[in-house]
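Q: Test case, fold it:
(2 chains)
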Amino acid sequence: MSKTVPVHLRVNGVEHQLDAEPRLLLVHALRDHLGLTGTHVGCDTSNCGACTVHFNGQPVKSCTVLAVQADGVEVTTIEGMAKDGELHPLQEAFWNDHGLQCGYCTPGMIMAAAGLLERNPNPSEHEVRHALEGNLCRCTGYHNIVKAVLDAAKTKGATVSAQREVSA
Amino acid sequence: MIPAEFDYTAPASLEEAISALRQGGEDAKLLAGGHSLLPLMKLRLAAPSLLVDLRRVPGLAGVARGNGTWRIGALTPHAVLEHTPELGVVSAAAATIADPQVRNRGTIGGSLVHGDPASDLPAVMMACEASVTVQGPSGQRTIPALELFQGYMETALAADEVLTEVRMPVLDGWGFGYEKFNRRSEDWAMVAVSAVVNARDGTCEDVRVGLTNMGSVPLRAPAVEEALRGKQLDAESIAAAAEQAAEGTDPPADLNASAEYKRHLARVLCRRALEKAAGLSS
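A: Below is the predicted model:
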């Protein structure tokens, strides 16, 4: 084993300190060292998007990031999406619309879709399909996935405007 | 897939990065976003002994405009270029790179020094007549994009030089088009054509055309440019000029396309890119 280096990770708001080989990939750090197995390894070649996590709020493929590169970065995984026992609107919508069959691609789909809604809260169907170009689903034909993202956008929009009304 | 073992350093200044690169010898590699290098390392097609990570070096990311020039930091990710529409053809081309996740990590500097003729930005930089600033142990120098790409995945940078910035003339008022053909949206271009056109009163004053994946290095299409310069900019003159797009090229056949098919694509995509640049199509 080559020399290890200290790696400081902040994942879903929790700080972790690892001693790891520099070649450790972020996805393996999350799964094997932190036990966060919701992030999946699919193709392992930055094509399929099953390993998508947020890196300072932006979706990235964690099979193509070294754990050391995440030093000082805010990482969010699928485990960090639900808040206070409430599912994230995207998780709720994937459930309601049955936006999955085997479920393997689902965490990556949700993380990629969350990146889209952050930038574009009211996307068209075309924009949703375009934003999910980096995520492959071999079961569903994408139909219910796209529907779920569009429905989540509506719910999320409703939540945000309700919060605005309350605070106003 | 796990990369072969390597040593790792993340220096806090450019000087330290250059010195680490120098001490690491020819097997040391710079790491920016890692979206060209890490896949090669995972496939064990590359096995650098040392990675010098630039993430802590300040001042290497960002887009700024001044004195008729765009300055783009080497660590600027493709997503930032994509969401800066004022960059014209550069923004249009960046928006087609791989997928959103890759565009959030991959950088312009990393893509250029990787020197892959199938990547989107190298030929676009040649069409825009950009130049790159590189810093080495003995100082700074500027390399025009037209002289940057020396061979397949080979650039004019020395092993101990760091590309720090891309400089590009502002092309306000120029029309542009970027046409890329691939089978899946994430794929590299089978062929892509970038075109920038400066027209006055319907006449083509100047035009530059870049070709992606039409040879072992990114290319310009001088025959197309000569055929169109000074001409009336209409569908007929564009179609005639675009017929020259594959002139003098020797594209490699690959899994996706024969050399003949790539030449055909170059002609069709060149016509479409020029029509867009001339405002004849959207």
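
Q: Please make it C-alpha for all contacts and neighbour counts, starting now.
A: OK.

Q: Distance of A:Tyr104 relative to A:Asp44?
A: With the distance defined as CA to CA, to the nearest Å, A:Tyr104 ends up 14 Å from A:Asp44.

Q: do A:Leu90 as well
A: From A:Leu90 to A:Asp44 the distance is 25 Å (CA to CA).

Q: Between these two, which is the more surrounded one?
A: More crowded of A:Leu90 and A:Asp44, by other CA atoms under 10 Å in any protein chain shown: A:Leu90, with 26 against 21.

Q: Helix or strand: which one has the more buried one?
A: helix A:89-96 (DSSP states H and E).

Q: what's that helix packed up against?
A: Counting contacts by 3 or more CA pairs under 8 Å, 6 or more residues apart in numbering or on different chains; DSSP states H and E, helix A:89-96 packs against helix A:106-119, helix A:143-167.

Q: List just the one of those helices that sits closest to B:Val57.
A: Go through the helices and strands packed on helix A:89-96 one by one with CA to CA and the one that ends up closest to B:Val57 is helix A:106-119, at 26.6 Å.

Q: Just the CA coordinates for that closest one, please, in CSV.
A: Extracted as CSV, the C-alpha positions of helix A:106-119 are listed here (Å, rounded to 0.1, in the frame of the first residue of the first chain):
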residue,chain,number,x,y,z
THR,A,106,-32.5,6.2,-8.6
PRO,A,107,-30.1,7.9,-6.1
GLY,A,108,-28.1,9.3,-9.0
MET,A,109,-31.2,10.3,-10.9
ILE,A,110,-32.5,12.2,-7.8
MET,A,111,-29.2,13.9,-7.2
ALA,A,112,-28.9,15.0,-10.9
ALA,A,113,-32.5,16.2,-10.9
ALA,A,114,-31.9,18.2,-7.7
GLY,A,115,-29.0,19.9,-9.4
LEU,A,116,-31.4,20.9,-12.3
LEU,A,117,-34.2,22.2,-10.0
GLU,A,118,-31.6,24.3,-8.0
ARG,A,119,-30.7,26.1,-11.2
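
Q: ok, now which ones touch the residue of the stretch 51-200 of chain B found nearest chain A?
A: Per CA to the nearest CA, B:Gln101 is where the stretch 51-200 of chain B lies closest to chain A, at 4.3 Å. Residues near B:Gln101 by CA atoms under 8 Å, 6 or more residues apart in numbering or on different chains: A:52, A:58-61, A:112, A:134.

Q: one more time with 7 Å, if that's ok
A: By CA atoms under 7 Å, 6 or more residues apart in numbering or on different chains, B:Gln101 lies in contact with A:59-61, A:134.

Q: before we move on, what about B:Glu165?
A: Residues near B:Glu165 by CA under 7 Å, 6+ apart: B:71-74, B:132-133.

Q: Identify the bridge partners of the residue in chain A positioned nearest to chain B.
A: Residue of chain A nearest chain B, by CA to the nearest CA: A:Val60 (4.3 Å). Residues in a beta bridge with A:Val60, per DSSP bridges, are A:Val53.

Q: OK, contacts around it?
A: A:52-54, B:101-102, B:104-105.

Q: Tell me the confidence at it?
A: pLDDT for A:Val60: 98.

Q: Might one say that A:Thr39 is in contact with A:His54?
A: No: A:Thr39 is beyond contact range of A:His54, at 10.9 Å (criterion: CA atoms under 7 Å).

Q: would you say B:Glu147 is within a helix?
A: Yes: B:Glu147 sits within a helix when classified using DSSP: H, G, I helix; E, B strand; the rest coil.

Q: ok, it to B:Thr155 distance?
A: Taking CA to CA, one finds B:Glu147 at 8 Å from B:Thr155.

Q: higher neighbour count, the two?
A: B:Thr155 (19 against 11).

Q: Around the spatially closest residue to the more buried one that is not a sequence neighbour, how many other residues sit close by?
A: Among residues not flanking B:Thr155 along the chain, B:Phe149 sits closest, at 4.6 Å (CA to CA, 6 or more residues apart in numbering or on different chains). Here the number of neighbours of B:Phe149 (other CA under 10 Å) works out to 26.

Q: circling back to that earlier point, which residues are common contacts for A:Thr39 and A:His54?
A: Contact criterion CA under 7 Å, 6+ apart; residues shared by A:Thr39 and A:His54: A:Thr77.

Q: out of the contacts of B:Glu165, which are buried?
A: B:71-74, B:132-133 (16 or more other CA atoms under 10 Å in any protein chain shown).

Q: Just the ones of those residues in helices?
A: The members of the buried ones among the contacts of B:Glu165 all map outside helices under DSSP state H.

Q: Quickly note the distance from the residue nearest the centre of chain A to A:His40.
A: Closest residue to the average C-alpha location of chain A: A:Met111 at 2.4 Å, with CA atoms, centre = their mean. In this view, A:Met111 and A:His40 are 12 Å apart by CA to CA.

Q: Also B:Thr76?
A: Taking CA to CA, one finds B:Thr76 at 28 Å from A:His40.

Q: now the strands: where do they sit in the stretch 101-250 of chain B?
A: B:131-136, B:139-144, B:149-151, B:154-155, B:162-169, B:175-181, B:191-200, B:203-212, B:219-220 (DSSP state E, counting those that start in this stretch).

Q: For the stretch 1-150 of chain B, which segments are assigned as helices?
A: With DSSP state H, counting those that start in this stretch applied, the stretch 1-150 of chain B shows helices at B:14-23, B:37-42, B:78-82, B:89-94, B:100-105, B:108-114, B:120-127, B:145-148, listed in chain order.

Q: In the last one, which residues are buried?
A: Same thing as helix B:145-148. B:145-146, B:148.

Q: just the residues you listed now: which is nearest B:Asp53?
A: Taking CA to CA as the measure, B:Asp53 lies nearest B:Leu148 of the buried residues of helix B:145-148, at 22.5 Å.

Q: so how far is B:Ile97 from A:Gly108?
A: 19 Å.

Q: These two - which one has more neighbours?
A: Neighbour count, other CA under 10 Å: between A:Gly108 and B:Ile97, A:Gly108 has more, with 33 against 22.

Q: Any residues of chain A in contact with chain B? List them.
A: A:2, A:22-23, A:44-45, A:58-61, A:64, A:131, A:133-134 (CA under 7 Å from any CA of the partner chain).

Q: how close does the residue of the stretch 51-200 of chain B closest to chain A sit to B:Val89?
A: 21 Å.

Q: from what I can see B:His35 touches B:Gly106, true?
A: Yes: applying CA under 7 Å, one finds B:His35 in contact with B:Gly106, separated by 5.3 Å.

Q: Would you map out the domains in chain B?
A: What automatic domain parsing lists as the domains of chain B is B:7-53, B:63-169, B:175-277.

Q: same thing with chain A?
A: A:5-80, A:89-167.

Q: Just the terminal-to-terminal distance for the first one.
A: I take that to be domain A:5-80. First-to-last distance for domain A:5-80 - CA to CA - comes to 26 Å.

Q: rewinding a little: quick check, nearest of the contacts of B:Gln101 to A:Asn120?
A: A:Pro59 (13.8 Å).
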